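Q: 3D, please:
(one chain, ligands or ions: 1)
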Amino acid sequence: MIEVSGLRKTYGDFAAVVGSEFEIDRGEIFGVVGPNGAGKTTTLKMLAGLIEPTSGTATVAGYDAGDPEMRHQLGFLPEESPLYEDMTARSYLRFFADLYDVPREVASERIESTLDRLDLDYRDRRLGDVSKGMKRKVAIARSLVNDPDVLIYDEPASGLDPLTTNSVLEFTEELREDDKTVIFSAHNLYHVESVCDRVVIMNEGRIIARGSVADIREQYGETTYHVYSDTALDGTDPTADGRHRAVVETMAEVEAIQAAATDAGGSVTDIRTDEPSLESIFLELTGQQMPSPRTARDTEPASEPTTDQHEVEDAP
Ligand SMILES: Nc1ncnc2c1ncn2[C@@H]1O[C@H](COP(=O)(O)OP(=O)(O)OP(=O)(O)O)[C@@H](O)[C@H]1O
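A: Alright, predicted model coming up:
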């Protein structure tokens, strides 16, 4: 449904996106994750046909991303989505449905059912007087008025409280049931972990990891096993509750401890798995702390990095 090959965007000699490659299948939810300035928005805007790539190609629903026809298949939610404050949610969404030539009855039904699913009250209240979370939900509803196959959401839950964040992420996840293909950007892995089938992690314009979050944990983090025995063995340390613990990294080592405990006339009483934290993976991959799940969406973008912090592309 989306194919990206050698996609690159430079501003002067500064490379905002460097040679991105990925494919997204129909009905897939795909996350683009990374710290501030990683190149997420630039990538999404190239896919939405809003920025022309310096080189490389992006096709969306069979169209080149720059093709005006592609827009009919696309719902784009920008990171900042100012609404017409004097309109109501209903009048605003009808206005956009008219722009897409959606027949009135179809539009009304679609708008009401989307607002129902988003649990949005106050549909006839002036948008200037509703909360930030409600505004974001209206912007999300706007992305669906033309019933597109592909949705591109830039930080859909940015700056929202935890409850609204969850509701927006759950709604995004439900779009899979409608056979929509969704690509969205996020600052941190927590917000995409439960929602996305696959993610790419970007840093300094490059994709530095890809796969499901579970794959990435497996690939970049180290799972350790804490093996408790009732007998002191080589490599175990006594614990406060009178047991003996070894910390190992492979199942073969776990089995060796089990065998050694049996040989010593004792037994292994407990084995615990310690998964790598997302923070440690993110830190290792990007060299930056991951924003906490509670505040991730509320952080202000960092100041503009200098070219020293980013790779400067080789001669074109
Ligand atoms: N029009 C532009 N001219 C010059 N540099 C730009 C332009 N647009 C973006 N950049 C730079 O490209 C880099 C990537 O920006 P981008 O907005 O894609 O990052 P991002 O991952 O979406 O970051 P954030 O999470 O802060 O939104 C940044 O360093 C940004 O300053």
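
Q: can you list the domains in this protein?
A: 2-88+143-218, 224-274 (automatic domain parsing).

Q: touching, residue 188 and residue 285? I think so.
A: No - taking CB atoms under 8 Å as the definition, residue 188 is not a contact partner of residue 285, at 12.0 Å. For every residue, glycine as well, the C-beta is placed using N, CA and C.

Q: for residue 148, see how far away the most centrally placed residue in the chain is.
A: Nearest to the geometric centre of the chain sits residue 31, at 3.5 Å (CA atoms, centre = their mean). Note on residue 31: its distance to residue 148, by CB to CB, to the nearest Å, is 19 Å.

Q: which residues are contacting the host helix or strand of residue 6?
A: Assigning secondary structure by DSSP states H and E places residue 6 in strand 2-11. Contact with strand 2-11 is made by 15-24, 30, 39, 42-43, 46-47, 51, 53-61, 150, 181, 183, 313, as judged by CB atoms under 8 Å, 6 or more residues apart in numbering.

Q: ok, and which of the residues you listed reach the ligand?
A: 16, 39, 42 (CB under 6 Å from any ligand atom).

Q: show me the contacts for the residue lying closest to the last one once chain neighbours are set aside.
A: Looking back up the chat, that one is residue 42. Nearest residue to residue 42 in three dimensions, chain neighbours excluded: residue 16, at 4.5 Å (CB to CB, 6 or more residues apart in numbering). The contact partners of residue 16, by CB under 8 Å, 6+ apart, come to 9, 10, 39, 42, 205, 310.

Q: one more time with 6 Å
A: Neighbouring residues of residue 16 by CB atoms under 6 Å, 6 or more residues apart in numbering: 9, 39, 42, 205.

Q: on the pLDDT front, check it for me.
A: Listed pLDDT for residue 16 reads 95.

Q: kindly calculate the angle that the helix or strand hosting it makes with strand 2-11.
A: Assigned by DSSP H and E, residue 16 belongs to strand 14-24. Angle, strand 14-24 to strand 2-11, by axes from the mean of the first three to the mean of the last three CA atoms, to 10 degrees: 180 degrees.

Q: pLDDT of the helix or strand just after strand 14-24, averaged?
A: For strand 14-24, the following helix or strand on the C-terminal side (DSSP H and E) is strand 29-33. What strand 29-33 shows for mean pLDDT is 94.

Q: strand 29-33: partners in the sheet, and parallel or antiparallel?
A: strand 181-186 (parallel), strand 198-203 (parallel) (DSSP bridges).

Q: looking at those strands, which is buried most?
A: strand 181-186 (a mean of 25; mean count of other CB atoms under 10 Å).

Q: and the helix or strand that that one is followed by, C-alpha only, in CSV?
A: Using DSSP H and E, the next helix or strand after strand 181-186 towards the C-terminus is helix 190-193. Taking Å, rounded to 0.1, in the frame of the first residue of the first chain, the C-alpha atoms of helix 190-193 are listed here in CSV:
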residue,chain,number,x,y,z
TYR,A,190,5.5,3.2,24.5
HIS,A,191,2.8,4.9,22.5
VAL,A,192,3.3,2.6,19.5
GLU,A,193,4.1,-0.6,21.3
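
Q: what about the helices in the stretch 101-250 of the chain?
A: 104-117, 132-143, 162-174, 190-193, 213-220 (DSSP state H, counting those that start in this stretch).

Q: pull out the buried positions in the longest one.
A: Pointing back at helix 104-117 there. For helix 104-117, the neighbour count (16 or more other CB atoms under 10 Å) marks 107, 110, 111, 114, 115, 117 as buried.
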